[in-house]
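Student: below: sequence and its predicted model.
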Amino acid sequence: MPTFTIRTELAVTPEAFWRRMSMNAVNAELRPLVSMTAPAAWRNCPVEQWAAGPVLFRSVILLFGLIPVDVHSLRLAQIIPARGFLERSHSWCNKVWQHERTTERSDAGCVVTDTLTVQGRIPFLAALLMPMYRAVFRHRHHRLKAMYGHVPFEP
């Protein structure tokens, strides 16, 4: 299954980062390229308060916030407070959408790491979509830097 990882050091503590993490925060990272719908009760609810195990809700993925391109059944397999989550969801396009986001404390704040592994419902679909997924996650990390302040990695 195709996989990639992106890491960014931010000037925010892991605790402060996770206090803000909700569907509204996810959409702030994704905009203007993509947005995800969510029931009202989930929009501001911190991820750390979500339940691991069942599908929590279905989200319509909107290209540029307007054009429906997929329906994502969001499910968290694991939540580690102030540390991260492991999402194992599925969608119309993807049989497996595994997104792991972790934070590790750093001298300047924290390092956010996103790892995405995808298995398409149609052979080779994930491989075709992976460059777009990488671009969206690069965009997300660019937005994270704008929101929290970027700390360049030391060589």
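Tutor: On my side now, so go ahead.
Student: show me where the chain has helices.
Tutor: Assigned by DSSP state H, the chain shows helices spanning 14-20, 23-30, 40-43, 125-148.
Student: check contacts around the nearest residue to residue 7 once chain neighbours are set aside.
Tutor: Sequence neighbours aside, residue 113 is the residue nearest to residue 7 in space, at 4.7 Å (criterion: C-beta to C-beta, 6 or more residues apart in numbering). Glycine gets a C-beta too; all of them are placed from N, C-alpha and C. Counting by C-beta atoms under 8 Å, 6 or more residues apart in numbering, residue 113 makes contact with 5-7, 100-104.
Student: what do you get if the cut-off is 7 Å, keeping everything else the same?
Tutor: 5, 7, 102 (C-beta atoms under 7 Å, 6 or more residues apart in numbering).
Student: neighbour-wise, which of those residues leads?
Tutor: residue 102 (17 neighbours; other C-beta atoms under 10 Å).
Student: do you know how far that residue is from residue 130?
Tutor: 21 Å (C-beta to C-beta, to the nearest Å).
Student: now swap in residue 86 and tell me
Tutor: 20 Å.
Student: repeat for residue 148
Tutor: From residue 148 to residue 130 the distance is 26 Å (C-beta to C-beta).
Student: who's more crowded, the two?
Tutor: residue 148 (20 against 16).
Student: ok, that one - contacts?
Tutor: Residue 148 touches 10-12, counting by C-beta under 7 Å, 6+ apart.
Student: which of those are buried?
Tutor: 10, 12 (16 or more other C-beta atoms under 10 Å).
Student: got the contacts of residue 148 as JSON lines, with distance to residue 119 columns?
Tutor: Converted to JSON lines, the contacts of residue 148 look like this (distance: C-beta to C-beta, whole Å):
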{"residue": "10", "distance to residue 119": "30"}
{"residue": "11", "distance to residue 119": "35"}
{"residue": "12", "distance to residue 119": "33"}
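Student: quick check: closest non-adjacent residue to residue 120.
Tutor: residue 126 (3.7 Å).
Student: same question for residue 52.
Tutor: residue 76 is the one closest to residue 52 (C-beta to C-beta, 6+ apart), at 4.8 Å.
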